[in-house]
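Novice: Below: sequence and its predicted model.
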Amino acid sequence: MGKKQELTKQKIIDAAIKLISVNGFNATTTALIAKEIGLSETIIFKYFRDKENLLRQIGNLAIEQIFENISLIPMIKNIEMAKDYPVKEFLKSILTERMQFLERNFELVKILLIEMQYNEELLSTAQQIIYPKANEIIDSVYRIIIAKMRVSEDKARVILRIIAGTLISFVIQRYLLQVEFKPGEMETELNDIIELIDETVAKN
């Protein structure tokens, strides 16, 4: 496939990601995708047999990108870079990096989470590729928290759940409920949450 064809195929995938993340898979037609990028449906079917085939490629792309982001590139590098930081800076670094990941990849994450509920093949691929590596990385963060904060395994698990809950809360507010945050507001809240965790651990 030539460079022009690759660019056209990527435009189709990008448009489909955008529309599916907003409208859902069932409400996104190939006609809508074609209209979004100013092409005919015939061109789309030249690259993808049908909408299901297009979704499969988007799903694979989502898994590949999320696999790279969660399991290999930024988080591992970030943990390695931040592991010697004081505990508050370490926790802030983890939270900030994950927020940036979600901002960069939210449409793909949303599609993946929705479609895994109905697509067993996609779910199976995610389980085989994403989950083991994600769990391996989470375990390394868990061990660093135990060592840095000198807490029990149970308390370290609670701290990780608070961090995960913070991320989920921001995602729901920002991307699903469309809550507008003032400049610096999210960073202030992240700092407050980390301070609260640190103070609570210090008291116990």
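Specialist: Noted; the coordinates are in hand.

Novice: going forward, measure contacts and count neighbours with C-alpha atoms only.
Specialist: Will do.

Novice: and Arg98, how many residues sit next to it?
Specialist: For Arg98, the neighbour count with other Cα atoms under 10 Å is 19.

Novice: Which other helices and strands does the helix or strand hosting it contact?
Specialist: Assessed by DSSP states H and E, Arg98 sits inside helix 87-115. Helix 87-115 makes packing contacts with helix 3-23, helix 51-66, helix 74-82, helix 120-149, helix 153-171, helix 185-203 when contacts are defined by 3 or more Cα pairs under 8 Å, 6 or more residues apart in numbering; DSSP states H and E.

Novice: List the buried residues in the helix or strand of the chain with the lowest mean pLDDT.
Specialist: Counting by mean pLDDT, DSSP states H and E, the chain has its least confident helix or strand at helix 51-66, which shows a mean of 79. Residues of helix 51-66 classed as buried: Lys51, Leu54, Leu55, Arg56, Ile58, Gly59, Asn60, Ala62, Ile63, Ile66 (neighbour count, 16 or more other Cα atoms under 10 Å).

Novice: contact partners of that helix?
Specialist: With Cα atoms under 8 Å, 6 or more residues apart in numbering as the test, helix 51-66 has contacts from 13, 17, 29-30, 48, 105, 108-109, 111-112, 122, 125-126, 129-130.

Novice: name the element Arg49 belongs to?
Specialist: Per DSSP H and E, there is no helix or strand for Arg49.
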